[in-house]
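In: sequence? don't have it. structure:
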């Protein structure tokens, strides 16, 4: 019996010690996942500027907005983007759901929009069908300036027209958008990667050219040589660049139709007075492209990344490949974070001062109650007003009003609450006046009409 009691006491002691240890647990400070980021209030001015210009330009050019799910079936991107691309082989966030479905966080927007175009009957709309979207995409890649594992993309797509005039028009749209948001120091790179017919012979030339250098290429390009040789031209590894520069150019292997299409597109660009550079190694990182491909990149600055501001091209076989009817199509994408980064460097913005901001100051329970009613009335009237009801000191509330640049402060203390009056304080001059509660709206409108001192 004594042994049993001693055992019970020892067990309780151990339990007590374990509880004490548990209380000492220190949790790590929460941080965001690597490659994910917060868009802070001070950056929203840039995001708003870009979004508003995108919406305006989309309307001017006849595009309608579409939003697709962030999560799609994995085979949508495996089929469209293509095996052998970095996106499919390395960068996709793919997992099984509880229902055993294999799904992927979308790594780009075009495939999702094409899926919606086929599934939702948009293919029956009058041609051309013009769509645009803005939303997050996910790629597991090394984070860098302006590029995160979750980043936002602007996407424009047109279905139903093969005309090279449309290619030039799409490029013009990018040029206008960049200039409208304040980015001007960039260059346009263009190329044609032909069609499946003329690309077949070119790929043989490419393989024969790279074979002698295989051991000197990066590991990825050694694999691409047998799996997807065109992707070698898209490699960014420094050790591969000398061999890429000497590679045969696809532009010399174009069939007559692809040659004429590219020639016409360049003539339209000349007519639009858009300067461009033909870049023979520009192929874009996705398998669905054909014929015209293009990128807008910042003008080279020593020591800085030359990452793309925008890029796109034709994908005339993708709709059919995903189950629709054969449909010519072209599109482009722009990374929001990349645009914000460039905008900050080239055209920094300042937060607009809220010239007519009113700050509501209260003191005591009755003052707080009256202030709440006044706050509601001002907001319904569309007057810009804020407060700090958690502060009890008038002095501390005035400091906040001054710090945020309020033009007027409305003060309601116990006395004002009992007398149904409000003190209007000019935050710039310090002058004050007492106004009857029933006349506050009329008086505020008069004060706001006055020029600021």
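Out: Here it is on my side, so go on. Small disclaimer: the values here were computed from a predicted structure and weren't measured. Numbering: from 1, shown residues only.
In: can you pull out the strands in the stretch 301-450 of the chain?
Out: Taking DSSP state E, counting those that start in this stretch as the criterion, the stretch 301-450 of the chain contains strands spanning 310-314, 329-335, 358-362, 385-387, 408-412, 421-426, 432-436.
In: right, and those strands - which one's nearest residue 64?
Out: Nearest of the strands of the stretch 301-450 of the chain to residue 64, taken as Cβ to Cβ: strand 329-335 at 14.0 Å. For the C-beta atoms, the positions are set from N, CA and C on the backbone; glycine is no exception.
In: For residue 139, see how far away the residue most central in space within the chain is.
Out: The chain has residue 152 as the residue nearest its centroid, 2.1 Å off, counting by Cα atoms, centre = their mean. Look at residue 152 and residue 139: by Cβ to Cβ, to the nearest Å, they are 12 Å apart.
In: again with residue 395
Out: Taking Cβ to Cβ, one finds residue 395 at 51 Å from residue 139.
In: in the stretch 151-300 of the chain, which segments are predicted with low confidence?
Out: Where the stretch 151-300 of the chain drops to pLDDT under 70, the residues are 285.
In: tell me the phi and psi of residue 325?
Out: For residue 325, the backbone dihedrals (degrees, to the nearest 10) come out as phi -80, psi 160.
In: just checking, it touches residue 316?
Out: No: using Cβ atoms under 8 Å as the test, residue 325 is too far from residue 316 to be in contact (12.0 Å).
In: neighbour count winner among those two?
Out: Neighbour totals were compared for residue 325 and residue 316, and residue 316 leads with 18 against 8 (other Cβ atoms under 10 Å).
In: Nearest residue to that one in space, ignoring adjacent ones along the chain?
Out: residue 328 (4.5 Å; Cβ to Cβ, 6 or more residues apart in numbering).
In: so who does the one you found touch?
Out: Counting by Cβ atoms under 8 Å, 6 or more residues apart in numbering, residue 328 makes contact with 159-162, 314, 316.
In: hmm, try it at 7 Å
Out: By Cβ atoms under 7 Å, 6 or more residues apart in numbering, the residues touching residue 328 are 160-162, 316.
In: want to try TSV for the strands of the stretch 301-450 of the chain, with distance to residue 106, mean pLDDT and mean neighbour count as columns?
Out: Below are the strands of the stretch 301-450 of the chain laid out as TSV (distance: least, Cβ to Cβ, whole Å; pLDDT from 0 to 100; neighbours: other Cβ atoms under 10 Å):
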stretch	distance to residue 106	mean pLDDT	mean neighbour count
strand 310-314	17	94	25
strand 329-335	12	94	23
strand 358-362	44	84	25
strand 385-387	38	82	19
strand 408-412	48	86	23
strand 421-426	52	88	18
strand 432-436	56	88	13
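In: Do a quick rundown of the helices in the stretch 51-200 of the chain.
Out: In the stretch 51-200 of the chain, the segments counted as helices under DSSP state H, counting those that start in this stretch are 74-80, 86, 110-119, 164-181, 196-210.
In: For the ones you listed, state which one has the densest average packing.
Out: When those are scored by mean count of other Cβ atoms under 10 Å, the highest mean neighbour count falls to helix 110-119 (a mean of 22).
In: what distance separates that one from the middle of the whole chain?
Out: Taking Cα atoms, centre = their mean, to the nearest Å, one finds the center of helix 110-119 at 19 Å from the center of the full chain.
In: So what touches that helix?
Out: By Cβ under 7 Å, 6+ apart, helix 110-119 touches 66, 68, 72, 76-77, 80-81, 106, 122-123, 129, 131, 133, 155, 157, 159, 318-319, 322-324, 331.
In: and what of stretch 367-382?
Out: 358, 360, 362, 385, 387, 389, 410, 412-414, 416-417, 441.
In: Going by neighbour count, which residues of that stretch are buried?
Out: Neighbour-count burial for stretch 367-382, counted by 16 or more other Cβ atoms under 10 Å, picks out 367-368, 370-371, 374-375, 378.
In: Closest one of the residues you listed to residue 271?
Out: Of all the buried residues of stretch 367-382, residue 378 has the smallest distance to residue 271: 54.9 Å, by Cβ to Cβ.
In: Next one: that closest one from residue 360, what distance?
Out: Using Cβ to Cβ, residue 378 is found at 8 Å from residue 360.
In: Mutual contacts of the two, please.
Out: With Cβ under 7 Å, 6+ apart as the test, residue 378 and residue 360 both reach residue 385.
In: re earlier: using JSON lines, lay out the helices of the stretch 51-200 of the chain together with distance to residue 187.
Out: Formatted as JSON lines, the helices of the stretch 51-200 of the chain follow (distance: least, Cβ to Cβ, whole Å):
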{"stretch": "helix 74-80", "distance to residue 187": "29"}
{"stretch": "helix 86", "distance to residue 187": "24"}
{"stretch": "helix 110-119", "distance to residue 187": "24"}
{"stretch": "helix 164-181", "distance to residue 187": "11"}
{"stretch": "helix 196-210", "distance to residue 187": "25"}
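In: Tell me which of these sits nearest to residue 44.
Out: For the helices of the stretch 51-200 of the chain, proximity to residue 44 was assessed by Cβ to Cβ; helix 164-181 is nearest, at 14.5 Å.
In: Against which helices or strands is the closest one packed?
Out: helix 44-60, strand 150-159, helix 256-271, strand 290-298, strand 310-314, strand 329-335 (3 or more Cβ pairs under 7 Å, 6 or more residues apart in numbering; DSSP states H and E).
In: Point out the most buried one among those.
Out: Of these, strand 310-314 is the most buried (mean count of other Cβ under 10 Å), at a mean of 25.
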